[in-house]
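A.B. asks: I would like to see how this sequence folds:
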Amino acid sequence: MAVQKELTPQDYLLMLRQRWLLIVVLTICGGALGYTASRVLPKHFTSQTLVLVQEPSVSADLVKSIVTDNNERLAAMQQQILSRSRLEPLIHQLGLYSQDINSVSMEVLVDRLRKAITITAIQPMAETRAQNLPGFTISVVFNDAHMAQKICTQITSMFVEEHVQERQSQGDRTTEFLEQQAADAKASLDQQDAKLAEFKRQHIGSLPDQAQTNLNILTGLNTQLEAATQAVARAQQDKTFAESMLAQQEASAKAAQDGQSPESLDQQLATLQAQLTTLQSKYTDSHPDVIKVTHDIADLKQKIAEREQEKRTAAPEKPSRPVIEPVQIQQLRAQVHQYDQTVKDRLQQEEEVQKQIKMYQERVQSSPAVEQEYKQLTRDYQTALDLYNDLLKKRDQSTMANDLERSQQGEQFRVLDPANLPDQPSFPKMPLFAGGGFAGGLALGIGLTVLFEMQDTSLRSERDVELVLRLPVLVSIPPVEFGAASLPVPIATHEKSAGRASVKV
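C.D. replies: Residues are numbered from 1 along each chain as shown. Alright, predicted model coming up:
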């Protein structure tokens, strides 16, 4: 049964002394193979350029850019430039793959050129510029140095041109979109403005901002109504008093013509009526004085009616002669007419004030409903106005940003390092291949040495014997040499008998 030997540093040194030739040979062969491979394998040259994203010449606080996400734009431009529609004309223009262009499909050639182009974005150094792209590198690997430089230059030019066209195109599209949105917003604003104007026209005087004015006017109209009512009452009193005086004067004149006493029934009736009017202006109808005068007037009217009845049943009256009224009666009659007209005017004025009060009361009562509808219309109008103003502001910003791009003062791709002409191939690199060959040969030699030593079962030391036999060594015989030849070293064996160990040679 094989026993795993424990190796010590002395064992490793012994291995190197015994196997050094194998290790050296494999190491030299590996280096030679690596060097030969670096000379035999096809050469690939890498041309590289550095493109930086130049910030706009005008501060972003003054003119805000309409294009902000550089990472997404770089990815989109990369997909467009590395598409077949852009790479196929480049293959024909530069005459790439002339040996394979007739035997290999264009899809394969385009894919081969696409794999030869590498675009790497530069990571920002500060966290504050996490959203901005500082720049990117373009690397082209080809089997010819000059051709690699040309391809790299063409690809860089494509990126710069595509960047300018894309920004201008996006600016034009953004401005056109905002102009259309602003036109739609203006139409909506005009519609809301027309609705609000029509509402104000229909509810003029009942608008929320006129509510306090309506209340003030209503208070003034109530005061006017009270004054008009008092004026009507005074005019009626004056008219009644003038009528009573006229009745007295007429009765006195008639009594003087008939020869009767001034204290006739008609004169008494006029006096009582004037007294009743005076009492009614001071007291109510339930006052005792008012009730007494009212009964006296009724009794006197009954007496006058009885006297008139007696006159009609009596002999026919003699033809009356024309009577000329006194000046006082004529004046009283004119005053009565004037007071009557005044009463009519005051009543008409009172009616007009009542109509106005009713109108303003309706306005005040309808004010809450009108205010609610007015608020809704105002809110819609304000929303449309804010949207329109915001779109106008954005459109102006987009127009300025677009003008900035057209004047080449916006964000630009600046080629910091033009495509270089490589003087050494990027693959294969002779030092790297030679060093790799040496390292591989050395590793292979060491590996084979360890493998051979692991498979070697010979015993070279007392420790190996003890490890294999698991018994202590009592005697060891050194090798014996006879002249140029040496006798073989006898193998020591152990025998265990009755608890003792013996050695046989």
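
A.B. asks: Would you state the strands of the stretch 1-150 of the chain in chain order?
C.D. replies: Residue ranges of the strands in the stretch 1-150 of the chain, as given by DSSP state E, counting those that start in this stretch, are 45-54, 117-121, 135-142.

A.B. asks: Packing partners of the last one?
C.D. replies: Counting contacts by 3 or more C-beta pairs under 8 Å, 6 or more residues apart in numbering; DSSP states H and E, strand 135-142 packs against strand 45-54, helix 106-116, strand 117-121, helix 145-202. (Glycine included, C-beta is placed from N, CA and C.)

A.B. asks: Any chance of TSV for these, columns mean pLDDT?
C.D. replies: Compiled in TSV, the helices and strands packed on strand 135-142 are given as follows (pLDDT from 0 to 100):
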stretch	mean pLDDT
strand 45-54	89
helix 106-116	92
strand 117-121	91
helix 145-202	87
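
A.B. asks: Quick one: closest of these to I81.
C.D. replies: helix 145-202 (4.8 Å; C-beta to C-beta).

A.B. asks: Show me what the closest one is packed against.
C.D. replies: strand 45-54, helix 70-81, helix 84-94, strand 135-142, helix 327-406, strand 412-417.

A.B. asks: now do 10 Å
C.D. replies: strand 45-54, helix 70-81, helix 84-94, helix 106-116, strand 117-121, strand 135-142, helix 327-406, strand 412-417 (3 or more C-beta pairs under 10 Å, 6 or more residues apart in numbering; DSSP states H and E).

A.B. asks: circling back: figure out which of the strands of the stretch 1-150 of the chain is closest to L196.
C.D. replies: That would be, of those and by C-beta to C-beta, strand 45-54, which comes in at 49.2 Å.

A.B. asks: For the closest one, output the C-alpha coordinates as PDB.
C.D. replies: Provided in PDB are the C-alpha atoms of strand 45-54 (Å, rounded to 0.1, in the frame of the first residue of the first chain):
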ATOM      1  CA  PHE A  45      -2.700  47.200 -34.300                       C
ATOM      2  CA  THR A  46      -4.800  49.400 -32.100                       C
ATOM      3  CA  SER A  47      -5.500  53.000 -32.900                       C
ATOM      4  CA  GLN A  48      -7.200  55.000 -30.100                       C
ATOM      5  CA  THR A  49      -8.600  58.500 -29.800                       C
ATOM      6  CA  LEU A  50     -10.000  60.500 -26.800                       C
ATOM      7  CA  VAL A  51     -13.200  62.600 -27.200                       C
ATOM      8  CA  LEU A  52     -14.200  65.000 -24.400                       C
ATOM      9  CA  VAL A  53     -17.600  66.500 -23.900                       C
ATOM     10  CA  GLN A  54     -17.100  70.200 -23.900                       C
END
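
A.B. asks: Direction included, what does that strand pair up with?
C.D. replies: The sheet places strand 45-54 alongside strand 135-142 (antiparallel), strand 412-417 (antiparallel), with pairing taken from DSSP bridges.

A.B. asks: Pick the most deeply packed of those strands.
C.D. replies: Mean neighbour count (mean count of other C-beta atoms under 10 Å) peaks for strand 135-142 among the strands paired with strand 45-54, with a mean of 21.

A.B. asks: same question for it, mean pLDDT?
C.D. replies: Averaged over strand 135-142, pLDDT sits at 91.

A.B. asks: cool, and stretch 22-36?
C.D. replies: Averaged across stretch 22-36, pLDDT comes to 83.

A.B. asks: Name the residues of that stretch that are buried.
C.D. replies: Going by neighbour count (16 or more other C-beta atoms under 10 Å), the buried part of stretch 22-36 is I23, L26, T27, C29, G30, G31, L33, G34, Y35.

A.B. asks: Then stretch 445-459?
C.D. replies: G445, I446, T449, E453, L459.

A.B. asks: Tell me where the model's unsure across the stretch 301-450 of the chain.
C.D. replies: 311, 314-327, 405, 407-410 (pLDDT under 70).

A.B. asks: 80 - rerun?
C.D. replies: Low-confidence segments of the stretch 301-450 of the chain (pLDDT under 80): 303-333, 335-336, 339, 362-371, 374, 401-412, 426-430, 433-434, 449-450.

A.B. asks: and the gap between S188 and G441?
C.D. replies: Using C-beta to C-beta, to the nearest Å, S188 is found at 82 Å from G441.
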